[in-house]
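**Student:** Quick one, what's the 3D model for this:
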Amino acid sequence: MESFQYESVIIDVSCLVEYNRFQSLAEDVVYKLPYQTIYICDENKKAKLQYELRFIFNKFIAIQDSGLLDPTVSFASDKSVSIAKKHKLITELEDDELSLFFEKFRNKLYGHPKFKDDFEELVKSFRVFNKIGEHKILSLFLMGDSGVGKTEVARAIFNCLGGSKRLAKINFGNYSNEFSLSSLIGSARGYIGSDDGEIFMKVRDTDIGVLLIDEFEKSNATLFNYFLDVLESGKMTSSLGDEIDLNGFIVVFTSNISKEDFPKRISPELRSRFDYKCMFTLLRSQDKRKYLEFRTKSIIKKISSDQNEDLEVHLLEYFNKCIDVGKYQNMRDLNKEIKKVFVKFLETSIDENSALNI
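**Tutor:** Got it, this is the predicted structure:
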């Protein structure tokens, strides 16, 4: 053991299996310790710990493969027995990374130029006041008709921050009954299905600090009050008392309600907690044409292994000839039409079919 790195923070978690519901205990400990802490366990406890703590750690590797006993390995690297999960947050970006993020975000979200400008200013302010502990969650409430790009805001943020897993998304259309809170945050201890609710699993299983709450207006007062507390405290609390710290997160609430119905459906206390409220309007024709170009490139990229600029130009010309973007009120309907027209393109273009190996 002469080569053992005593300066490393190493914790043996084998004893956790002796406790009932040790997952919540482990979670409480892990999220309070430094990110580079190394966790080890006995081989005979491995299977149980690996299953129960799958939402807490990114990976589990044998100690002999970890470099833990190798004096030449520095544990400032990412080599360890178990590495606690950590969400990538917009508050942690360097200035050059933030500039690149805004550039990508503007290109990914079609239309809504004023929102893009406002969002950039919001994020810059959020980063400053988050660092001094005055602003824990950046909350956006986006209203408007279906298909105008509200949910795309959260997806664009997620993708531009480099998300590799799934966006944490909760649809409140599924949470309108009297048991909605239990379904969302878990049932009380002793009840069947008293494990964590959907929102805890979704947040733990994502790698980016973004949470999308879709169709927010379809829920009830109980859940509205729960999120009032979340936005005030910066933390989500389960029915078992477990917590997930959302400090540095962006939470996007979307709703199909009108601007006039907003004050009728959402309480004054909750309305005041939203950092930004915006009505998304229908996209302009020029934005829809840009989307048509984007879909052309994405389709060609997905079905052709080689870059084929001639085919891309040919397909875009075909789309422009067959699709009048002015007829479509939202992106969903436009995308459905793009799919129908593309199938016709394949049926009438034998040479393209053979070139694409379809």
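**Student:** Burial check on the nearest residue to Leu93 once chain neighbours are set aside, number of neighbours?
**Tutor:** The shortest distance from Leu93 to any non-neighbouring residue, by CB to CB, 6 or more residues apart in numbering, is to Phe101 (6.3 Å). No exception for glycine: its C-beta is placed from N, CA and C like everyone else's. Phe101: 18 surrounding residues under other CB atoms under 10 Å.
**Student:** give me the element Phe101 is part of.
**Tutor:** Assigned by DSSP states H and E, Phe101 falls within helix 95-108.
**Student:** before we move on, what about Met143?
**Tutor:** strand 138-144.
**Student:** what's in contact with the helix or strand just after that strand?
**Tutor:** Downstream of strand 138-144, the first helix or strand assigned by DSSP H and E is helix 150-160. With contacts defined as CB atoms under 8 Å, 6 or more residues apart in numbering, helix 150-160 is touched by 90, 101, 104-105, 108-110, 115, 119, 140, 142-144, 167, 169, 208, 210-212, 214, 250, 252, 254-255, 280, 331.
**Student:** Could you report the neighbour count for Ser99?
**Tutor:** That count, for Ser99 with other CB under 10 Å as the rule, works out to 12.
**Student:** quick one on the thing from earlier: and the helix holding Phe101 with helix 150-160, angle?
**Tutor:** Relative orientation of helix 95-108 versus helix 150-160 (axes from the mean of the first three to the mean of the last three CA atoms, to 10 degrees): 140 degrees.
**Student:** if we can go back for a sec, the residue nearest to Leu93 contacts Glu92, doesn't it?
**Tutor:** No. Using CB atoms under 8 Å as the test, Phe101 is too far from Glu92 to be in contact (11.3 Å).
**Student:** got a list of what the residue nearest to Leu93 touches?
**Tutor:** 90, 93, 160-161.
**Student:** pretty sure Gly149 is touching Gly111, no?
**Tutor:** Yes. Counting by CB under 8 Å, Gly149 does reach Gly111; the two are 6.4 Å apart.
**Student:** what about those two, which has more around it?
**Tutor:** Neighbours of Gly149 and Gly111, each counted by other CB under 10 Å, are more numerous for Gly149; the result is 24 against 21.
**Student:** Could you measure from the more buried one over to Asp287?
**Tutor:** 9 Å (CB to CB, to the nearest Å).
**Student:** Residues in contact with both of these two, list them for me.
**Tutor:** The contact lists of Gly149 and Asp287 share 110-111, where a contact means CB under 8 Å, 6+ apart.
**Student:** in this protein, which segments are predicted with low confidence?
**Tutor:** 1-9, 18-25, 27-36, 54-59, 63-85, 176-179, 186-196, 240, 304-308, 349-358 (pLDDT under 70).
**Student:** how does it look with 50?
**Tutor:** For the chain, applying pLDDT under 50 flags the ranges 1-7, 71-84, 189-194, 352-355.
**Student:** what are the ranges of the strands in it?
**Tutor:** 10-12, 38-40, 57-60, 82-84, 138-144, 168-171, 210-214, 235-237, 243-245, 250-255, 276-280 (DSSP state E).
**Student:** Let me have those strands in CSV, extended by distance to Ala47 and mean neighbour count.
**Tutor:** Formatted as CSV, those follow (distance: least, CB to CB, whole Å; neighbours: other CB atoms under 10 Å):
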stretch, distance to Ala47, mean neighbour count
strand 10-12, 17, 14
strand 38-40, 15, 20
strand 57-60, 10, 14
strand 82-84, 14, 21
strand 138-144, 40, 23
strand 168-171, 28, 21
strand 210-214, 32, 24
strand 235-237, 29, 17
strand 243-245, 26, 16
strand 250-255, 36, 24
strand 276-280, 47, 17
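**Student:** I'd like the ones you listed as JSON lines, with distance to Phe345 appended.
**Tutor:** Below are those laid out as JSON lines (distance: least, CB to CB, whole Å):
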{"stretch": "strand 10-12", "distance to Phe345": "59"}
{"stretch": "strand 38-40", "distance to Phe345": "54"}
{"stretch": "strand 57-60", "distance to Phe345": "43"}
{"stretch": "strand 82-84", "distance to Phe345": "47"}
{"stretch": "strand 138-144", "distance to Phe345": "31"}
{"stretch": "strand 168-171", "distance to Phe345": "32"}
{"stretch": "strand 210-214", "distance to Phe345": "32"}
{"stretch": "strand 235-237", "distance to Phe345": "47"}
{"stretch": "strand 243-245", "distance to Phe345": "47"}
{"stretch": "strand 250-255", "distance to Phe345": "33"}
{"stretch": "strand 276-280", "distance to Phe345": "31"}
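**Student:** Out of the ones you listed, flag the one nearest Thr296.
**Tutor:** For Thr296, the closest of the strands of the chain is strand 276-280, at 24.3 Å, according to CB to CB.
**Student:** Could you pull out the buried residues of stretch 144-153?
**Tutor:** Residues 144, 147-153 are the ones in stretch 144-153 that count as buried (16 or more other CB atoms under 10 Å).
**Student:** From Lys86, how far off is the residue nearest to Leu142 when sequence neighbours are not counted?
**Tutor:** Leaving aside its sequence neighbours, Leu142 sits nearest to Lys150 (CB to CB, 6+ apart; 4.3 Å). Distance, Lys150 to Lys86, using CB to CB: 28 Å.
**Student:** ok, now Ser267?
**Tutor:** 34 Å.
**Student:** can you check Ile257 too?
**Tutor:** For Ile257, the distance to Lys86 - CB to CB - is 35 Å.
**Student:** how much space is there between Lys86 and Lys136?
**Tutor:** Using CB to CB, Lys86 is found at 17 Å from Lys136.
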